[in-house]
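Colleague: Here is my input; please provide its structure:
(2 chains)
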Amino acid sequence: MNKRVVVTGMGVVSPNGVGINAFLDAIQNGVSGIKFQPLYEELKFSCHVAGKPDFVLEDLKTKNYISEVVFHGLKGTNIGYGLMAALDAWADAGLEYDTGETRWETGCIFGNSVSDTEAMKNVITRVDNKEAKKLGSRVVEQAMNSGVTSYVSGRLGLGNKVITNSAACATGTQAILMGYEAIKDGYAKRMLVGSSEYVDTYVFGSFDSMRVLSRKYNDQPEKASRPMSITAGGFVPGSGSAALVLEDLEFALARGSKIYAEVLGGSTNSGGQRMGGSMTAANPQGVIKCIEDSIANANISPNDIDLISGHLTATNADMQEIQNWCKALGRSGNDFPLMNSLKSMIGHCLSAAGSIEAVASILQIIHGFVHPNINLDDPNPEIGNYINLNRLPVSIVKKDINIVAKANFGFGDVNSCLIFSKFNPNDTTRNFI
Amino acid sequence: MTRQEILSELKKVLSPYTLDKEALAGIDENTDLIKDLKINSANLVDIIIDAETKYNIEIDYDAADKMVNVGGCIDVIEEKTNQQT
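Modeller: As a prediction, the model looks like this:
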């Protein structure tokens, strides 16, 4: 029998708020985390703005996230973000960090894109200067892609599945889905899941060169990320991390844990880079299938969806995404669910996008609101051909939110979609075979 | 430098790699870095690199093998710094 999977802890390191309380306040009030980056102007990038969390690596040591010995030699910002979000989620679930024993019942699935190019630059410089001997023991663990999961699982003694996943912008939603599946199928009782991304200058520069970044609002950073707007001119890279503690419902109830929400199901697939799909564009059929499969997997009707947390990055793919949602749900015009894009506030956090947006989705379920789409004062009028523009709130909507669909679509034509629900202990229909 | 002087300087080199500050304060020539100070074996490399920088010496593979206890570390540092003068 499938296990029900619930969310019992959350942590977030977002450009517009570090920690759940600050982040909740920011998304309720439409606070942008996008700032001018003088270095990017100096480096002659086209885009001079980015979303970066107000994050101090030193906090990991002084606030007892990790020991001073582990901290000594820790340079990877990506690992720092991931550690803070994951350990905050763990503490939020009411769990202790320290353990003498391995926690066999708990695993970790955490994703990222590149490990840390700045850390790798140190390696390249040393090796090229014939100083490889000076690199020391702490470089490999921070350069390897599994750096975040290694640090997190080591700190907490996690002994179940420990997997680092990578699926470009679909990474975060995919990590949560994989954790959900591990518990649902009975392989684990608890999974610490999420994703992190540190967009350093080298990653940023590579995207800048593709001419897919926002460049017309360098002097108005907070207006630079404009999903679905007629003046949207590319996305704004963001950095950060978020994590969820997922647990087997019975396991969570047995320890008296609070429950934030339930993961009803989801799907991850690929459009195969066919039928209009490519390395950088989504095959619409793949996206539609991913959403349809998620709804079927979650055992809900498309009409049950109250809110869509879109991918919606502020490129010309936004229009296609809206059409895909309409087709997948069979809903349009006034019947379309409310929809928002967190990227309007924090930019596109690439691999971290899915997990940060998942935390936002769950917060909207818990607190009964729909966060605003900021910078949508001039929506693309074409959107009106598919859905009523009032489906895209520009100020906070206080409303009971029962079910949220959260999707992300990434380079490589990969898709991931999750269905989150308010937890209803009396819902016996969830105990499906 | 006397062996005692090297030992007291060595405490500073070892400090970032052990959480057991009490054991560190009480080290003598027989103190084992891994068993007594609970230093991660991978960190021995970092201690060697830090010692090389601090004393401006080069510690080769054979010498590094001796640096498993405090006495061995002092032997190597004493020998290499003497070679310089």
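Colleague: the helices in chain B, which residues?
Modeller: B:3-14, B:21-25, B:44-55, B:61-65, B:70-84 (DSSP state H).
Colleague: what's the closest of those to chain A?
Modeller: If you check each of the helices of chain B against chain A by CB to the nearest CB, helix B:44-55 wins as the nearest, at 4.6 Å. Where you see a C-beta, it was placed from the backbone N, CA and C, and this is true even at glycine.
Colleague: just the angle between the closest one and helix B:70-84, please?
Modeller: 40 degrees (axes from the mean of the first three to the mean of the last three CA atoms, to 10 degrees).
Colleague: Tell me if helix B:44-55 is near chain A.
Modeller: Yes - Helix B:44-55 comes into contact with chain A (CB under 8 Å from any CB of the partner chain), by way of B:45-46, B:49.
Colleague: ok, of those, which come out buried?
Modeller: B:46, B:49 (16 or more other CB atoms under 10 Å in any protein chain shown).
Colleague: for the residues of helix B:44-55 next to chain A, which one is nearest A:A224?
Modeller: Closest approach to A:A224 among these (CB to CB): B:D46, at 42.1 Å.
Colleague: and the gap between the residue of chain A most remote from its centre and chain B?
Modeller: In chain A, the residue that sits farthest from the middle, by CA atoms, centre = their mean, is A:K130; the gap is 39.4 Å. In this structure, A:K130 and chain B are 14 Å apart, going by CB to the nearest CB, to the nearest Å.
Colleague: thinking again about what came up before, export the helices of chain B to CSV and tack on mean pLDDT?
Modeller: Below are the helices of chain B laid out as CSV (pLDDT from 0 to 100):
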stretch, mean pLDDT
helix B:3-14, 95
helix B:21-25, 96
helix B:44-55, 95
helix B:61-65, 94
helix B:70-84, 93
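Colleague: wait, which of these is closest to A:Y97?
Modeller: Nearest of those (CB to CB): helix B:21-25, 20.3 Å.
Colleague: Return the set of buried residues in the closest one.
Modeller: B:L24.
Colleague: List, one by one, the residues from chain B near chain A.
Modeller: B:16-19, B:40, B:42-43, B:45-46, B:49.
Colleague: and with 7 Å instead?
Modeller: B:16-19, B:42-43, B:45-46, B:49 (CB under 7 Å from any CB of the partner chain).
Colleague: Need the max-distance pair from the residues you listed.
Modeller: B:L19 and B:I49 (20.2 Å).
Colleague: need the contact list for the residue most central in space within chain B.
Modeller: Taking CA atoms, centre = their mean, the centroid of chain B lies closest to B:C73, which sits 4.1 Å from it. Applying CB atoms under 7 Å, 6 or more residues apart in numbering or on different chains to B:C73 gives the contacts B:10, B:67.
Colleague: for the stretch 101-250 of chain A, what spans make up the strands?
Modeller: Under the criterion DSSP state E, counting those that start in this stretch, strands of the stretch 101-250 of chain A are mapped to A:106-111, A:162-165, A:190-197, A:240-248.
Colleague: you'd agree A:I163 is up against A:G111?
Modeller: No - assessed by CB atoms under 7 Å, A:I163 is found out of contact with A:G111, at 8.7 Å.
Colleague: Thanks again, I'm all set now.
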